[in-house]
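# Structure here, sequence nowhere to be found:
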């Protein structure tokens, strides 16, 4: 096989010195000029003897720029697909590359790396196994730890940043690239290290790579999080983050609530039966030290955001990311939650959260969420964190669409329940028309068509309509039963976001020039101007035709 031939060349011959030094003589000044490449920590790299470079991986350029750190040839693994074309394979092999099957534990490739080290040369390993971008660093595989133990070679932790931004299609753009190497790590030589021992050594190496990464300004991992709001979803998110290994502080509305939760470790009112992990500290929100957190989660109703931001916004530092878990619109002008918060805080990045996620069911059986952020790195970081808590999470840059879809599904669920006594046809028509009207408005605001059709829209709508514990569904049932709108929240014991959002949605749709009779009519019901039964009857009634009179000649 061709791959065996390339492995054999790497084992026996190493680089082609003629090709290697010519390419390096061309590439190195180009990198310095075009990428303004900076190299830090070169003094840590041994001038001779075996050495393992353990680095993060962002771009196909990484091996080439990292090679500029060393004053001698550097061998590295590359995915076997790159070796399919003979000329490309010869060129890469001449520069020190040898193939690896990334999908499997490739013993041949690791054996080749071991032989290269045993003859006194250097090897570059990417412990993440593949390119990881954007966001923070990925999880390492234990191969680098095994290689260090089997060879006894020192390990140089290396971080590279900026290479992920140089390529757009086939165009290579100028962008600052920085590389930093740390002090060598040494481990005893072990003939046949166990998987557990190899994993333990990898866990010793990788934090040193992360240290170089963060020193260069790379996105740090989320280690500490504050959740403001101890309702059902706030408590649920706190538990999910704790399950993902994050140190969590849960901020309650009152000191009495914090004292009760600390005593019982169960939020009986909002999330009964769910024991709060010991890694969750519970304090009154006013006592949160937000400056020490990597992530701040706002898990309060949209109507409470002005009060929360006024109380805590200034304390959230620029190093933190902010996750807004509110669904609806912010009074009095109907701003989107993330937009409202962004205009009144100075955080590093902001994300919204959408998708079908009822707290108790999410913790017991999982959930499928959508993390929406203009910052792709922050969005992926949050999605990875939620996946550690056994929650599926997609990422999206369509923050407008995801947040309007969340408001639309609450309004449509309320509409469906309000129209319930009029029969299933009215239920479907009410939900469909309300949802479609908000969707039409969202398109005018730049939302993506697929957002309303996906998890954040129809997925969340179906879950809300079917869930027995849905507050918005229950609010619609109470409206249909004749309960006065102002009495519904007291009957529910919790806020129903749709009751707050509908008047604001109706205002936004009117000002946006969207014809929205279903939304505006339901807003009139919520504000007590129209009877719920009359509105439900009108949902399936044909439109009235205006008679045209012809003036006699």
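Sure, I can see it. Bear in mind the structure is a predicted one, so any value in this text is a computation, not a measurement. Numbering: from 1, shown residues only.

# Contacts only, for the closest residue to residue 151 other than its chain neighbours.
Once flanking residues are discounted, residue 151 sits nearest to residue 117: 4.4 Å by C-beta to C-beta, 6 or more residues apart in numbering. Where you see a C-beta, it was placed from the backbone N, CA and C, and this is true even at glycine. Applying C-beta atoms under 8 Å, 6 or more residues apart in numbering to residue 117 gives the contacts 50, 51, 52, 123, 147, 151, 153.

# if you set the cut-off to 7 Å instead, what comes out?
Going by C-beta atoms under 7 Å, 6 or more residues apart in numbering, residue 117 touches 50, 52, 123, 151, 153.

# which of those are buried?
Neighbour counting with 16 or more other C-beta atoms under 10 Å marks 50, 52, 123, 151, 153 as buried within those.

# Now for the first one: which residues touch it?
When contacts are counted by C-beta under 7 Å, 6+ apart, residue 50 is found next to 117, 120, 121, 122, 151, 153.

# any idea how far residue 49 is from the fifth one?
By that I understand residue 151. Residue 151 is 11 Å from residue 49, where distance means C-beta to C-beta, to the nearest Å.

# next one: the last one
Here the criterion is C-beta to C-beta. By it, residue 153 lies 8 Å from residue 49.

# What is the burial count for residue 174?
Counted by other C-beta atoms under 10 Å, the residues lying close to residue 174 total 11.

# now it: how far from residue 390?
42 Å.

# which ones are touching residue 380?
134, 135, 395.

# which of the residues you listed are buried?
Using 16+ other C-beta under 10 Å, the buried ones in these are 134, 135, 395.

# Return the residues in contact with the first one.
Okay, so that is residue 134. Residues in contact with residue 134, defined by C-beta under 7 Å, 6+ apart, are 164, 376, 377, 380.

# again with the second one
Contact criterion C-beta under 7 Å, 6+ apart gives 219, 377, 380, 381 as the residues in contact with residue 135.

# between these, which is closest to residue 306?
Lowest distance from residue 306 to those (C-beta to C-beta) belongs to residue 381, with 27.5 Å.

# name the element the closest one belongs to?
Element membership for residue 381, per DSSP states H and E: helix 376-388.

# tell me the mean pLDDT over that helix?
Averaging pLDDT along helix 376-388 yields 92.

# and the helix or strand following that helix, which strands flank it?
Counting by DSSP H and E, the element after helix 376-388 in chain order, helix or strand, is strand 392-396. In the sheet, strand 392-396 lines up against strand 368-372 (parallel) (DSSP bridges).

# ok, residue 279 to residue 456 distance?
Distance of residue 279 to residue 456, given as C-beta to C-beta: 29 Å.

# what do you get for residue 437?
In this view, residue 437 and residue 456 are 17 Å apart by C-beta to C-beta.

# Neighbour count for the two, which is higher?
Legend: neighbour count by other C-beta under 10 Å for residue 437 and residue 456, higher for residue 456 (33 against 24).

# for the more buried one, helix, strand, or coil?
For residue 456, the assignment made with DSSP: H, G, I helix; E, B strand; the rest coil gives helix.

# Low-confidence stretches in the stretch 51-200 of the chain?
102-106, 132-133 (pLDDT under 70).

# all strands of it, in order?
For the stretch 51-200 of the chain, applying DSSP state E, counting those that start in this stretch gives strands covering 51-55, 74-79, 97-100, 122-125, 155-161, 167-168, 171-172, 178-181.

# Equivalent analysis for the stretch 401-550 of the chain, please.
Counting by DSSP E, counting those that start in this stretch, one finds no strands in the stretch 401-550 of the chain.

# Do you have the helices of it handy? List them.
424-444, 449-453, 460-466, 471-480, 485-492, 497-511, 517-526, 532-539 (DSSP state H, counting those that start in this stretch).

# got those helices as TSV, with mean pLDDT and distance to residue 269 columns?
Formatted as TSV, the helices of the stretch 401-550 of the chain follow (pLDDT from 0 to 100; distance: least, C-beta to C-beta, whole Å):
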stretch	mean pLDDT	distance to residue 269
helix 424-444	95	29
helix 449-453	93	33
helix 460-466	90	21
helix 471-480	90	13
helix 485-492	87	12
helix 497-511	92	18
helix 517-526	94	25
helix 532-539	91	28
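
# closest to residue 63 out of these?
Residue 63 lies closest to helix 449-453 among those, at 36.4 Å (C-beta to C-beta).

# buried set for the closest one?
The neighbour-count check on helix 449-453 (16+ other C-beta under 10 Å) flags 451, 452 as buried.

# starting at the chain centroid, how far to it?
Chain-centre distance of helix 449-453: 19 Å, with C-alpha atoms, centre = their mean, to the nearest Å.

# Mind giving me the packing neighbours of that helix?
Secondary-structure packing of helix 449-453 (3 or more C-beta pairs under 7 Å, 6 or more residues apart in numbering; DSSP states H and E): helix 399-418.

# if we go to 10 Å?
Other elements packing on helix 449-453 under the criterion 3 or more C-beta pairs under 10 Å, 6 or more residues apart in numbering; DSSP states H and E are helix 399-418, helix 424-444.

# Please compute how far the shortest one lies from its chain's middle.
Looking back up the chat, that one is helix 399-418. Here the centre of helix 399-418 is set off from its chain's centre by 22 Å, with C-alpha atoms, centre = their mean.

# again with stretch 471-481
Distance of stretch 471-481 from the chain centroid (C-alpha atoms, centre = their mean) equals 33 Å.

# one step back: so can I have CSV of the contacts of residue 135 showing distance to residue 256?
As requested, the contacts of residue 135 are arranged in CSV below (distance: C-beta to C-beta, whole Å):
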residue, distance to residue 256
219, 38
377, 40
380, 39
381, 35
